[in-house]
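Colleague: Below are the sequence and a predicted model for it; my questions follow.
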Amino acid sequence: MPQLVFLIILLSFQNIFTKEINLFTTRHYDSDLQLYEDFTKETGIKVNVISGKSKPLEKRIIEEGKSCIGDLFFLADAGRLVSAEKKGLFIKIKSQSIEQKVPENFRSPYWVGITKRARIIYYNPKETKLDEIKNLSYEDLSSIKFKNSIAIRQSNNVYNQSLVASLIENNGIDFTKQWLKKFVKNFSRNPTGNDRAQILSVAAGESKFAIANTYYYALMASGKKGEDQKKASKKVKPLFPNQLDRGTHMNISGIGILKHSPNKANTKKFIEFLLTPKAQKHIVNNTYEYPMIETVTPSKLIQKMGNNFKQDNSSKVSTYGKWQKEAFKLMRKAGWN
Amino acid sequence: MKYPNHFLDTNKTLYAFVFVIAIFSIIPLFSIIINSTTLNYSYIESSGLFEFFKNSLIILFWVIILTSFFGVFSAYLITFYNFPGVSFFRYALILSFAIPPYIFGYSLSAFFENYGIGYSFFTNFFKLDDANSFLPNLTPITNCILSLSFTLYGYIYLLSKTSFLNQSGNLVDLGKSLGFNSFKKFTNIIIPSARPAIFIGISLVSMETLADFGTVSYFGVSTFTTEIYNSWFIFDDLKTSNFLSLFLLIFVLIFFIIEKISRKNSKFHKLKNDSKNKRLQLNGFSALAAFLFCFSLFFISFIFPFSQMIFWSYKFPEYYKNLNLIRLNLNTFTLILFTSFFIIIFSFIVNFGNRALKSKFLNLISTLSISGYAIPGIIISVSIISFISLMSNLFDVNLKSIFIGTFYGLIIGYFFRFYSISYNSIKSDYLKINYSIDESAYLLGFNKFKTFSEIHWPIMKKNTFFIFVLISIEITKELPITLILRPFNFDTFSTKAYHFASQDLIEAASIPSMFLIFWASILILISFKSFFDDEK
């Protein structure tokens, strides 16, 4: 029996003896894993990974407390980063090179954005002429002229919550409440499916407009979902909203260093690595997200959707975290299922 | 009866063992009761005032209707009639157990979505121009109902089939002499006498349906379980999640009680099979109709999802390269072996203890272990994490590094979830062994261990393998507990499938899903006979 206990303890602590970092992530990309291997090749530091859903991982980190061997927490939504920050999971990241590379609205003292995502509008050029919608904003989507024409996924989707949170931040609660009431009436169908299903609904002629993140469209256009979906992507055109004012809504994937991280020295190296041109290039070419640093261009498929559009660089993404709950309440009240 | 002194000592030890295991098995239940003391009303208000309750009931209602129809009718055809393929379908229909509802859901939506598999199929083979409008747009609720019904009807099929076979042939003959036609015989004699068995099946289906999260969240339908998640994920309100879980549990317990009562009644319906069932030969149109019914059921529930997985794995071979298949197989295999070992040993101890000690208190807490099966996996994992952290703080020992994010933690998680399967199966086996046998053994001077090893074990050995298979199938399919409690760099087929499905790459998810279905099918195949054991 004592031998068994010893073995158990040994197995549990075996990780301490090697040079490594432990990463919790809610990003499920295989290409991320390849990137971490590159990091290991460069630095000799092994990256151990657990992927999962944000809240259970958050709970696990909190309860494990000081014995948590996790070093970093990588999350795919600004609101989720704020939630982890508020619960005191992170320590401040002090690095001049990070501060120089990442614009202020895409980071907080406790976490830093690594990639960007744009939530945009799609339309069918056969049905709608570009001139009719050229300077469209999210705010305009509540107009009665779009009745029964918009496809969007459900209100429990965190990207929708962040989008509505940004509307609250920019226009106030009362405006957003009224806006939601009218916007929901413009739905072409009961919200269902993921972002790609919304784009396909426009391609199939069921809906006039769809709202979805850009990488879903790129995934279709890449042929990774088969020839038919590639063809379908050609029937749809992307439109970047709010070009005359604050710019298109941007969300981030971001990372923070955990408070009890046993390998703190290596964590900053890892974050800095993720922000190198090489790593950023790797990410954007595989996941079709937008790069965080200026020197890197998005993947060709994303560039084809529209280069040089105006991104919303005035809204701090941390405000999404502030308003998400309120956003969800209002969405539900407006009848957005 | 007067026992020798050493019996009292073993009794104490046994009591202690049973008590500890039984208490341990209901930790998740404690946890949700303790953690659901306050309720955040603002959350419930905003969540569309019990809209989710309505959806849960709609889904439950239709799943019960469909699974009962599929299960009872196919069992009826296969038991009482002869038609082409009958002996094949008899076994083949159980394979639906190998498909987790969420994987059925993946294949359903990939087939029916705009420009999906169905579209490609009809445009390439039938040169249809507008296959999108031709294919039905299934609503999210319909998708959930179909996914759950086609993967769960197996319970009702198996139970009603066994019950039909045990029915007295005389009953059917009676129907004949009363001049009933087949339909009247079916509705007036066969169904009523199989009712208890059908009820048991329905209650199992209901428990699975109510606790399902994978399917409803994939299709985005608000139900009890998704609200449990929403209240936590969006509102950071774990208390409401716990409260809703408790509510769900009470709901499920109602079905459990119905099941118990039905089982009690079913004893009186098990008559000796005094005249052998002669299967009626079906010819012509009715033979074709029976064949088509069973074939469609088998096709939709098994071939439809499985063939899509095979198709994708074949069409997108590039996704193989990122999968360490040996490691995945090994992980699944070790988890199965270790977990079922502990679960089965503990279930034997508790069952044997309950039998030998006859303590009402122990019996009650053991029975409550059913809660593990009805609490959503994600809530179970949270209660484990909280429990381990509480114990660590209480006794000032670092249990966290040993049990959170380790292999041992996973085994504990599975233990909570699947213990009741094994506990209840062994319990029902024990009920079949008359207690007077034990008493005779004690009188002959057998000690408790010897009574178990030489009298009980030989009788129960065979069924234990079947329990092992049942637990293994469940472990292979398990997702939420594995996702949260697993160690770094540790994957199973289900976490891999989830991982790819989250990237919107069902094509890549198909490979781990295919393996998952493959292993579950193999497990079912090697224990085929046990599924029909009651028939003999």
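Modeller: All right, it came through fine.
Colleague: Could you report the neighbour count for residue 76?
Modeller: All of this refers to chain A. Residues lying near A:A76 (other Cβ atoms under 10 Å in any protein chain shown) number 23. Where you see a C-beta, it was placed from the backbone N, CA and C, and this is true even at glycine.
Colleague: Not quite, go with chain B.
Modeller: For B:Y76, using other Cβ under 10 Å, the count is 21.
Colleague: center of chain B, which residue is that?
Modeller: Compute the mean C-alpha point of chain B, and by Cα atoms, centre = their mean the closest residue is B:E208, 6.3 Å away.
Colleague: What lies in contact with stretch A:307-322?
Modeller: Here stretch A:307-322 makes contact (Cβ atoms under 8 Å, 6 or more residues apart in numbering or on different chains) with A:77-83, A:85-86, A:103-106, A:108, A:113, A:116, A:118, A:161-162, A:165-166, A:169-170, A:240, A:242-243, A:246-252, A:290.
Colleague: Within reach of chain B, which of these are there?
Modeller: Checking the contacts of stretch A:307-322 against chain B by Cβ under 8 Å from any Cβ of the partner chain, the ones in range are A:83, A:161.
Colleague: on that earlier part again, the residue nearest to the centre of chain B falls within a strand, correct?
Modeller: No - under the criterion used here (DSSP: H, G, I helix; E, B strand; the rest coil), B:E208 is helix, not part of a strand.
Colleague: Check what pLDDT residue 168 gets.
Modeller: Picking chain A for this. A:I168 is assigned 97 on the pLDDT scale.
Colleague: hmm, I had chain B in mind actually
Modeller: Looking at B:S168, the pLDDT reads 56.
Colleague: now do A:I252
Modeller: 96.
Colleague: wait, what's in contact with it?
Modeller: A:77-78, A:81, A:106, A:113-117, A:292, A:317.
Colleague: now B:Y435
Modeller: Contacts of B:Y435 (Cβ under 8 Å, 6+ apart): B:R355.
Colleague: Next one: it from B:A441, what distance?
Modeller: 11 Å (Cβ to Cβ, to the nearest Å).
Colleague: got it, and B:I23?
Modeller: Using Cβ to Cβ, B:I23 is found at 29 Å from B:A441.
Colleague: Could you check which of the two is surrounded by more residues?
Modeller: Between B:I23 and B:A441, B:A441 has the larger neighbour count (other Cβ under 10 Å), namely 18 against 15.
Colleague: quick one: that one and B:L431, what's the gap?
Modeller: 18 Å.
Colleague: that older thread, need the contact list for the residue nearest to the centre of chain B.
Modeller: B:E208 neighbours (Cβ under 8 Å, 6+ apart): B:101, B:148, B:152.
Colleague: Which of the helices or strands spans the last one?
Modeller: Secondary structure assignment for B:L152, by DSSP states H and E: helix B:140-166.
Colleague: Just name whatever secondary elements the helix or strand harbouring B:L330 is in contact with.
Modeller: Assessed by DSSP H and E, B:L330 sits inside helix B:325-357. Secondary-structure packing of helix B:325-357 (3 or more Cβ pairs under 8 Å, 6 or more residues apart in numbering or on different chains; DSSP states H and E): helix B:5-25, helix B:360-367, helix B:407-431, helix B:435-443, helix B:457-477, helix B:493-502, helix B:506-526.
Colleague: before we move on, the earlier item: for the contacts of B:E208, which one is nearest B:F518?
Modeller: Distance to B:F518, by Cβ to Cβ, is smallest for B:P101 among the contacts of B:E208, at 17.6 Å.
Colleague: hang on, that closest one packs against B:S147?
Modeller: Yes - contact criterion Cβ atoms under 8 Å: B:P101 and B:S147 qualify, at 4.9 Å.
Colleague: More neighbours: which of the two?
Modeller: Shown here are B:P101 and B:S147; by other Cβ under 10 Å, B:S147 has more neighbours (29 against 24).
Colleague: measure that one to chain A for me?
Modeller: To chain A, B:S147 is 14 Å away according to Cβ to the nearest Cβ, to the nearest Å.
Colleague: any idea where the helices of the stretch 151-300 of chain B begin and end?
Modeller: Per DSSP state H, counting those that start in this stretch, the stretch 151-300 of chain B carries helices over the ranges B:169-177, B:182-185, B:191-211, B:214-219, B:224-233, B:238-269, B:284-298.
Colleague: For B:P28, find the nearest of these.
Modeller: helix B:238-269 (9.0 Å).
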